[in-house]
Each structure stands twice: as C-alpha cells, then as structure tokens.
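Student: Predicted coordinates and the sequence they were generated for:
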Amino acid sequence: MKKVLVTGALGQLGRELQRLTEGHPEFVFTDIRSEGNVRCLDILDIGAVTRIVTEESIGAIVNCAAYTDVNRAESDQALCQAINADGPGVLARVAKRTDAALIHISTEYVFDGRNPRGYVETARRHPLSAYGRSKRDGEDRVRRSGCRSVIIRTSWLYSPFGKNFVKTMLRLGAEKPEVSVVDDQIGSPTYARDLAEVILAVLPQIGERRGAIYHFTNDGVCSWAGFAATIMQEAGLTCQVRPIITAEYPSPAVRPACSILSKEKICREFSIVLKPWEASLRDCLRRLQAMETA
C-alpha cells in the first residue's frame with residue numbers, strides 16, 4: 001500500500017492529523033525536528049525528501065510545514081521565503097518525479113483583503129506582507145511543477161496545540177479584566193481538526209487534479225473582536241473585550257481587512273459539509289479543558 005508523507009507534523013494541523021490517523025501505519029510524519037513517532041526531515045533538502053519518498057513508497061504528500069509568524073516574517077524574509085516557497089517547490093518536484101499526489105496548505109494572506117465580499121479561488125492575488133508573498137510564491141511553485149496536486153487556502157487557524165488566537169485569549173482572559181481586540185478585520189475562524197478531516201477526505205480524490213485551488217474555513221463570519229468575545233463567553237470568563245480599529249494596534253505586517261473565503265467549490269466537488277465556527281470553537285474548548293484536567 002502506498003503511504004502518505006505528512007510534513008510539519010508538530011504544528012497545529014499536523015498534530016490534528018496525527019490524532020485522526022492514530023493506528024494507521026501508512027502515515028509517515030515528519031518535521032524539522034524529531035519527536036515521538038515524528039521523524040526529522042528538512043523539506044528544503046531535495047535529496048532527503050527524495051530518499052524518504054522512494055524508500056517509504058510514498059503515494060501522497062500533505063505539506064503542513066510553514067513559517068507562520070506573520071510579523072517576524074517582515075524582518076526574516078529569507079527564511080520565510082525558503083520555508084513557504086522553496087520548500088513546497090522541493091516537495092512538488094519530488095512528487096512530480098515519483099507521481100505522488102500533493103496537498104499544499106496556503107492562506108488568505110495571498111489576497112489584499114480590500115474586497116468586502118470576500119474571495120473565490122480565482123480572485124486576483126495581491127499579498128500585502130512578506131508572509132503573504134511567500135505563500136503566493138509557494139502556490140506558484142506547486143502549480144508550475146505539474147504534479148498531481150491540490151492547494152487548500154484557509155484562515156484564522158486554531159487548535160488545542162501550539163500558539164494561536166484562542167489560546168492567547170484564554171490566557172489573557174484569565175489574567176486581565178479587559179482586552180483590546182481589532183474589530184475592523186473580518187474573516188472565518190478555522191478549527192484545525194476540521195481542516196484535517198477535510199484533508200483526509202480530499203486525499204483519496206485528488207486523481208489527476210494538478211494545481212487545483214480550493215478554500216476551506218468553518219462556516220460563518222466574525223471580526224477578531226467578535227471571535228474574542230465568543231471565546232470569553234464560551235469559556236466562562238468575565239474579561240471584557242474592547243473593540244478597537246487596526247490603526248490603534250500597529251504591527252510590522254499589514255493584515256487583510258477582509259479574510260472571507262468562498263467555500264462553495266470544495267463543498268461541491270468533495271461533498272464537504274461545513275461546521276459553524278461557534279460549534280467548532282466549543283469542541284476545541286472542551287478538548288482544552290480535558291487536556292488540562294487529565
């Protein structure tokens with residue numbers, strides 16, 4: 001049986017994939033460092049990638065590896081470009097040579113966020129940050145390779161693992177009586193577990209798709225402030241959320257004002273049923289509570 005190589009397995013999405021595929025030995029998990037059943041693999045090393053793909057009889061690759069520190073990317077552009085653009089290019093080249101399929105994860109940051117109605121897959125890309133440009137270039141490397149591939153753009157990813165907005169709000173909500181959160185950036189939160197489930201559903205259906213782009217987030221739209229307020233409410237925290245505008249919270253990277261992504265295409269072609277972001281948030285909070293009490 002052909003195996004599935006997962007890169008970036010120690011990140012939020014990779015950890016969710018590990019849990020969903022527990023007991024399935026056909027999944028090979030890798031990251032830049034080893035931990036548990038996760039093997040060390042540098043996706044920039046084409047020799048190392050080629051060896052693991054051939055030796056393990058890899059039939060598909062899921063690329064979860066990414067440089068995701070949006071602000072730091074402005075001063076660390078070379079590393080960001082290497083991981084987010086060169087890395088997917090290496091994986092795509094190896095996939096093309098071996099006829100392995102590839103799922104690559106991208107982001108709404110490839111858009112400028114100036115369209116208040118949001119974005120379909122074919123919308124013009126115009127990234128405003130170094131991170132966004134690197135992810136755009138990663139998409140281009142995958143598509144130009146000609147390998148069998150699907151690119152899934154997502155937004156506002158969170159999970160019980162690693163650093164993310166939900167965990168930051170829970171920490172601040174327990175420490176402070178009030179937090180200020182931007183209210184003029186809107187989008188759709190994405191629960192990493194739901195995205196992992198979609199990846200597993202898409203994986204056996206890639207077929208001869210080459211560079212096909214899809215969007216996936218949870219259903220519904222909110223602002224960051226609205227997301228924060230719901231986190232506080234669902235977690236039973238009394239911390240108040242003070243809505244502010246982006247200009248009151250300057251940051252090195254420019255963020256899209258509108259991160260709404262149309263999911264019609266992925267739902268239609270792969271029979272995906274979207275879950276409301278509020279319901280997925282509640283599931284994440286339940287898991288976090290269970291992890292704390294375990």
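Tutor: Cool, the structure landed.

Student: Model confidence score at E292, please.
Tutor: Note for E292: predicted pLDDT of 88.

Student: Can you give the contact residues for the strand or helix carrying D283?
Tutor: Using DSSP states H and E, D283 sits within helix 277-293. Helix 277-293 has contacts (Cβ atoms under 8 Å, 6 or more residues apart in numbering) with 158-160, 166-167, 170, 188-191, 193-194, 217-220, 222, 227, 230-231, 234-235. From N, CA and C alone the C-beta is placed, and that goes for glycine too.

Student: buried subset of these?
Tutor: 158-160, 166-167, 170, 188-191, 193-194, 217-219, 222, 227, 230-231, 235 (16 or more other Cβ atoms under 10 Å).

Student: Can you pick out the ones from these that are in helices?
Tutor: Per DSSP state H, helices hold the following members of these: V166, K167, L170, R193, D194, F227, T230, I231.

Student: Do a quick rundown of the strands in the stretch 1-150 of the chain.
Tutor: Ranges of strands within the stretch 1-150 of the chain are 3-7, 27-31, 39-40, 58-63, 101-107, 149-154, based on DSSP state E, counting those that start in this stretch.

Student: out of those, nearest to A73?
Tutor: strand 101-107 (11.7 Å; Cβ to Cβ).

Student: Mind giving me the packing neighbours of the closest one?
Tutor: strand 58-63, helix 87-98, helix 130-145, strand 149-154, helix 192-202 (3 or more Cβ pairs under 8 Å, 6 or more residues apart in numbering; DSSP states H and E).

Student: Just checking the distance from that strand to the centre of its chain.
Tutor: Between the centre of strand 101-107 and the centre of its chain there are 9 Å (Cα atoms, centre = their mean, to the nearest Å).

Student: partners of that strand in the sheet?
Tutor: Here strand 101-107 is paired, per DSSP bridges, with strand 58-63 (parallel), strand 149-154 (parallel).

Student: would CSV of those with mean pLDDT, distance to A247 and mean neighbour count be doable?
Tutor: Converted to CSV, the strands paired with strand 101-107 look like this (pLDDT from 0 to 100; distance: least, Cβ to Cβ, whole Å; neighbours: other Cβ atoms under 10 Å):
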stretch, mean pLDDT, distance to A247, mean neighbour count
strand 58-63, 98, 35, 24
strand 149-154, 98, 27, 24
